[in-house]
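> Here is a sequence together with a model predicted from it:
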There are 2 protein chains.
Amino acid sequence: MAARSSDPEATRAAILGVARLQFGERGFDRTTIRSVATAAGVDPALVMHYFRNKAGLFAEASRVDVRIPDLSGVPPERLASVLVPFFVADWGPDGRLLPLLRAAASNRAAADTLVEMFTEYVAPALGALAVDRPEERAAMIGSQVVGVAVARHIIGLPALVDMDDATLADWLGPTIARYLTA
Amino acid sequence: MAARSSDPEATRAAILGVARLQFGERGFDRTTIRSVATAAGVDPALVMHYFRNKAGLFAEASRVDVRIPDLSGVPPERLASVLVPFFVADWGPDGRLLPLLRAAASNRAAADTLVEMFTEYVAPALGALAVDRPEERAAMIGSQVVGVAVARHIIGLPALVDMDDATLADWLGPTIARYLTA
């Protein structure tokens, strides 16, 4: 891939595209600044100029996937059914958040990226609901959502691996609803 | 530590004790059959004789911590309050399951150990409750419990890190109760 463009934005996007591919295929540990730079056709120094270090590159490469639905105007009884399919898909086997989650187990920078994404996107979305203790509610929802991702896709509990998305959503719905509003 | 006893059971226990210490302090990747053997004062071949490989040693060293309370005879409305404090403590910062969970993120053998422990201990405990779909219920409980451990101790979501165990148990109780019996 040649990214020798004079357009910094295009170069940056090309580096991120390669980084997503490599982090996804090789994981955090086996992806390097150098391997990304080589595949993107740029100097490693340029990658560091844009993203500082591997953790920064990883954070940016993983960040794009978070798009919490706008919850303002959604009636309380429909909140869970709006959120649950989103969570199931975003952490699913095709979701880009799983590599970040795997990396977080042994890498503080990756864990911090998850905390930042949570603080920036998830918590404020729930904050708009005008309930008490929004941070606690958001954290409990986060724990259940992340737990399904870990149990289903990382640990691989057979009953969760075999469960279809609709059944999973049926199990999760009332839990998320209670954390949102009870 | 000298484990040159002629008592195989004592030698095996000494190796396991050293392994727990090293896995806990250094993590899975930086603990080796050799480092454990050296600290236990035995030949590496003996460690492999007892545990086959590092994954086997790790599995045995991590296995001891699982002791699900006996649920037979516990009235349904009290099930959650029996289980929740147990889960909170067992996955807490002092619990021995966290290293196994961290390792599972990048190591299939560690993930398989968690699946085996779950299948051997958690699922049957719930199977005794005579509810429908016991495997699904056990897996949903597993997902919530593992998710709290990940969000609180590995990712470190501030609202969960700051939450005391009693408040966490209040949030978890109705969720676990619903997965058990609803």
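Looks like it arrived, so ask away. Residues are numbered from 1 along each chain as shown, chains lettered A, B, ... in the order given.
> Tell me what angle the helix or strand containing residue A:179 forms with helix B:165-181.
Assessed by DSSP states H and E, residue A:179 sits inside helix A:165-181. Using axes from the mean of the first three to the mean of the last three C-alpha atoms, to 10 degrees, the inter-axis angle of helix A:165-181 relative to helix B:165-181 is 140 degrees.
> So which elements touch helix A:165-181?
helix A:79-90, helix A:134-149, helix B:134-149, helix B:165-181 (3 or more C-beta pairs under 8 Å, 6 or more residues apart in numbering or on different chains; DSSP states H and E). All C-beta atoms are positioned from the backbone trio N, CA, C, and that covers glycine.
> Would you mind writing the CA trace of that helix as PDB?
What follows is helix A:165-181, C-alpha atoms only, in PDB (Å, rounded to 0.1, in the frame of the first residue of the first chain):
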ATOM      1  CA  ASP A 165     -28.200 -13.100  19.000                       C
ATOM      2  CA  ALA A 166     -32.000 -12.900  19.500                       C
ATOM      3  CA  THR A 167     -32.000 -15.200  22.500                       C
ATOM      4  CA  LEU A 168     -29.100 -13.300  24.000                       C
ATOM      5  CA  ALA A 169     -30.900 -10.100  23.500                       C
ATOM      6  CA  ASP A 170     -33.900 -11.600  25.300                       C
ATOM      7  CA  TRP A 171     -31.700 -12.500  28.300                       C
ATOM      8  CA  LEU A 172     -30.000  -9.100  28.300                       C
ATOM      9  CA  GLY A 173     -32.900  -6.900  27.800                       C
ATOM     10  CA  PRO A 174     -34.400  -6.800  31.300                       C
ATOM     11  CA  THR A 175     -31.000  -6.600  32.900                       C
ATOM     12  CA  ILE A 176     -30.000  -3.500  30.900                       C
ATOM     13  CA  ALA A 177     -33.500  -2.100  31.400                       C
ATOM     14  CA  ARG A 178     -33.100  -2.500  35.200                       C
ATOM     15  CA  TYR A 179     -29.600  -0.900  35.200                       C
ATOM     16  CA  LEU A 180     -31.000   2.000  33.100                       C
ATOM     17  CA  THR A 181     -34.000   2.900  35.100                       C
END
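> average model confidence for that helix?
Confidence for helix A:165-181, expressed as mean pLDDT, is 91.
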